[in-house]
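Engineer: Would you be able to build a 3D model of this:
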Amino acid sequence: MCKRFFLGIALLFVSATQTAYAGLELVITEGIDSARPIAIIPFKWQGQGQAPRDLSDVISSDLQRSGKFKPVPVNLMPQTPYEDNDINYNEWTAMGVDSLLTGKVSENANGDFVIEYKLVDIVRGQLTGGMAKGLSTDGQLVLTRDHLLLNNRKVLKTPTNRQLRRYAHRISDLVYEKLTGEKGAFSTRIAYVVINDKAKYPYQLRVADYDGFNEQIAIRSNEPLMSPAWSPDGKHLAYVSFENKQAEIFIMNILTAKIEKITSYPRHNGAPRFSPNGDKLAVVLSKTGSLQIYVVDLATRKMKQITKGRANNTEPFWDPSGNSLVFTSDRGGKPQIYRVDLADGSTQRITWQGRQNLGGQLTPDGRFLVSVQKSNSGYNIAKQDLSSGAVQILTKTMLDESASLAPNGGMVIYSSMYGGRNVLSMVSIDGRFKARLPVTNGRVRAPAWSPFL
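Structural biologist: I've put the predicted structure just below:
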């Protein structure tokens with residue numbers, strides 16, 4: 001493997017100034033007028049020298065991308081309060097804002113950054129005047145501060161821009177969970193393949209924050225790389241490489257950069273996907289002629305064939321319970337999505353609308369199927385309610401492919417065509433927010449969203 005270079009997570013954490021490739025740049029392509037207004041006050045800097053990265057910018061972008069929130073532009077804010085006692089609740093409610101996040105960043109004697117922030121329930125604060133009466137543990141009447149949904153303090157040791165950005169994502173996760181009841185996925189990462197024909201190593205497997213920042217190369221090669229897939233613990237990536245002049249499946253430990261070959265059968269080895277508990281890998285092989293799905297026990301390397309017959313069966317994806325797989329098959333003539341029970345092998349067709357449906361994935365709650373659907377308008381990302389069968393087309397871009405769900409099921413990242421090349425795009429699961437994440441030095445394909453980290 002002399003032509004291939006592997007870089008572990010140690011490389012992924014070097015400073016952005018050492019990165020040879022620019023991060024992806026988010027470009028909003030559609031608005032979110034129906035989303036929930038929220039106020040993200042610019043964090044106040046209380047230290048020496050130039051202010052650090054504005055955490056509020058990152059938080060605003062995170063919440064906006066979810067499709068559920070619409071941050072108020074700073075120039076339209078009636079005030080910029082940094083203490084809940086200074087909030088004019090009437091002015092914010094008049095704008096339809098029911099939640100406000102404000103914070104400060106200061107520097108202590110050790111040079112560490114102290115980050116303090118509050119998430120305020122504007123409606124409750126307006127009703128109580130910022131204070132409410134309640135009973136203490138000994139039965140005494142006391143004033144409470146129930147309007148403070150979050151009131152946190154964090155000390156960042158020897159802070160860098162990368163650490164500040166990472167902690168901003170953490171704040172976004174907490175705000176999102178507090179306001180929606182769902183876990184935020186802003187601290188996650190994505191893996192994807194970049195193809196740059198002019199580079200010394202044209203095929204590169206890269207890893208970045210979910211929004212494309214802090215991008216680093218994990219693998220680079222002269223031969224094609226395909227189909228990255230994360231392990232449930234976020235420590236391994238399975239992928240397909242043609243390094244040895246044929247498709248083979250490997251697993252890379254991104255902490256140590258150790259590589260392990262999993263399958264290398266004649267003809268096709270592809271579409272690896274870890275089981276929910278990480279002990280098995282679903283793969284697609286052509287050992288018997290047509291494409292068939294197998295499950296490999298990673299501890300024993302024992303292999304079980306799941307699908308049979310003359311049809312081509314590919315793109316397996318695990319049910320959240322691990323008891324079944326959804327997959328693409330042309331057994332009915334055109335590619336559609338099916339589901340197979342791993343206990344008894346019984347199989348049922350799931351998709352019926354659209355000329356073709358490919359690359360099906362189930363949301364973490366098992367309620368919806370997300371796939372690439374071919375219709376008269378081309379290939380687009382579609383969401384199907386598995387109870388009612390109702391289908392919603394989420395995108396209008398061209399040649400959409402390789403959809404990958406966020407671990408909370410709130411967003412979908414996929415490859416699409418823009419300006420004659422492959423770029424990464426993002427859509428919220430309700431279709432209200434769409435964005436494009438273009439890069440300047442290659443075609444981007446096969447995105448894979450990490451689990452919660």
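
Engineer: my guess is Lys70 contacts Ile40, does it?
Structural biologist: No. Under the criterion of C-beta atoms under 8 Å, Lys70 makes no contact with Ile40, lying 10.7 Å away. No exception for glycine: its C-beta is placed from N, CA and C like everyone else's.

Engineer: Low-confidence regions, the stretch 1-150 of the chain specifically.
Structural biologist: Under the criterion pLDDT under 70, the flagged ranges of the stretch 1-150 of the chain are 1-33, 129-144.

Engineer: Let's see that with 80 instead.
Structural biologist: Residues of the stretch 1-150 of the chain meeting the criterion pLDDT under 80: 1-34, 49-51, 53, 129-145.

Engineer: So which residues of it form strands?
Structural biologist: Remark: strands assigned in the stretch 1-150 of the chain by DSSP state E, counting those that start in this stretch are 5-6, 27-30, 36-40, 44-46, 69-71, 99-107, 113-121, 132-135, 141-144, 148-156.

Engineer: And these: which comes nearest Gly431?
Structural biologist: Gly431 lies closest to strand 27-30 among the strands of the stretch 1-150 of the chain, at 8.9 Å (C-beta to C-beta).

Engineer: picking up where we left off before, so for Lys70 and Ile40, which sits in the more crowded spot?
Structural biologist: Ile40 (30 against 21; other C-beta atoms under 10 Å).

Engineer: If the more buried one is in a bridge, with which residues?
Structural biologist: On the basis of DSSP bridges, Ile40 is bridged to Leu101.

Engineer: just Gln361 next, same as before
Structural biologist: Val370.

Engineer: For Asn110, give its distance to Ala403.
Structural biologist: According to C-beta to C-beta, to the nearest Å, Asn110 and Ala403 sit 46 Å apart.

Engineer: Leaving out chain neighbours, which residue sits closest to Ile306?
Structural biologist: Distances taken as C-beta to C-beta, 6 or more residues apart in numbering place Ile293 nearest to Ile306, at 4.4 Å, with adjacent residues excluded.

Engineer: Could I get the pLDDT score of the one you found?
Structural biologist: On the pLDDT scale, Ile293 is placed at 98.

Engineer: I'd assumed Thr328 was in contact with it.
Structural biologist: No. Look at Ile293 against Thr328 with C-beta under 8 Å: they stay out of range, at 9.8 Å.

Engineer: hey, what's in contact with both of the two?
Structural biologist: Residues within reach of Ile293 and of Thr328 at once, by C-beta atoms under 8 Å, 6 or more residues apart in numbering, are Asn313, Thr314.

Engineer: Find the centremost residue of this protein, please.
Structural biologist: Nearest to the geometric centre of the chain sits Ala406, at 3.8 Å (C-alpha atoms, centre = their mean).

Engineer: Which residue, other than its chain neighbours, is closest to that residue?
Structural biologist: Nearest residue to Ala406, sequence neighbours excluded (C-beta to C-beta, 6+ apart): Ala185, at 4.2 Å.

Engineer: Which strand or helix spans that neighbour?
Structural biologist: Using DSSP states H and E, Ala185 sits within no helix or strand.

Engineer: Pretty sure it sits against Glu177.
Structural biologist: No. Judged on C-beta under 8 Å, Ala185 makes no contact with Glu177 at a distance of 10.1 Å.

Engineer: more crowded one of the two?
Structural biologist: Shown here are Ala185 and Glu177; by other C-beta under 10 Å, Ala185 has more neighbours (25 against 14).

Engineer: what about the residue nearest to Tyr192 when sequence neighbours are not counted, how many neighbours?
Structural biologist: Nearest non-adjacent residue to Tyr192, counting by C-beta to C-beta, 6+ apart: Pro447, 4.3 Å away. By other C-beta under 10 Å, 23 other residues sit near Pro447.

Engineer: what about Pro447, distance to Ala271?
Structural biologist: 15 Å.

Engineer: and the residue nearest to the centre of the chain, what does it touch?
Structural biologist: Contact partners of Ala406, counting by C-beta under 8 Å, 6+ apart, are Ala185, Thr188, Tyr210, Val412, Ile413, Trp449.

Engineer: Perfect, that will be all.
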